[in-house]
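S.K.: Next one to model:
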Amino acid sequence: MPPVHSLHSGDLPRRIRALMADQAITVSALARNLGWERTRVHRRIHGWTPITIDELIKLADALHVPVSELLAERAA
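M.R.: Reported below is the predicted structural model:
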């Protein structure tokens, strides 16, 4: 699947980190929940590796939010 974070001005990794902070979820805990290596999560939530659509769906599910919440534009 194609990466999606570049389509949203780099806001996607920031939104994921904000949701993690709001829910007090660590990178390690999210990685365990997803069944991914910790480095895989870390690289994506810091924008170093693009997030694919499949990964986006899994991340949204793990964070208990709809995909649309991760992609929504936020008012400044």
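
S.K.: shaky segments in the protein?
M.R.: Low-confidence segments of the chain, defined by pLDDT under 70: 1-9, 74-76.

S.K.: buried residues in the lengthiest helix in it?
M.R.: Assignment by DSSP state H gives helix 11-22 as the longest helix of the chain. For helix 11-22, the buried set under the neighbour-count rule, 16 or more other Cβ atoms under 10 Å, comprises Asp11, Leu12, Pro13, Arg14, Arg15, Ile16, Leu19, Met20. In this view, the C-beta of every residue, glycine as well, is placed from N, C-alpha and C.

S.K.: Mind listing residues that contact it?
M.R.: Helix 11-22 has contacts (Cβ atoms under 8 Å, 6 or more residues apart in numbering) with 4-5, 25-27, 30, 44-47, 51, 56, 59, 63, 65, 69-71, 73-74.

S.K.: Could you export it as PDB, CA atoms only?
M.R.: Extracted as PDB, the C-alpha positions of helix 11-22 are listed here (Å, rounded to 0.1, in the frame of the first residue of the first chain):
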ATOM      1  CA  ASP A  11       0.600  16.000  10.700                       C
ATOM      2  CA  LEU A  12      -0.200  12.300  10.900                       C
ATOM      3  CA  PRO A  13       2.800  11.300  13.000                       C
ATOM      4  CA  ARG A  14       2.100  14.300  15.300                       C
ATOM      5  CA  ARG A  15      -1.500  13.200  15.700                       C
ATOM      6  CA  ILE A  16      -0.600   9.700  16.500                       C
ATOM      7  CA  ARG A  17       1.900  10.900  19.200                       C
ATOM      8  CA  ALA A  18      -0.800  13.200  20.600                       C
ATOM      9  CA  LEU A  19      -3.300  10.400  20.900                       C
ATOM     10  CA  MET A  20      -0.700   8.200  22.500                       C
ATOM     11  CA  ALA A  21       0.000  10.900  25.100                       C
ATOM     12  CA  ASP A  22      -3.700  11.500  25.700                       C
END
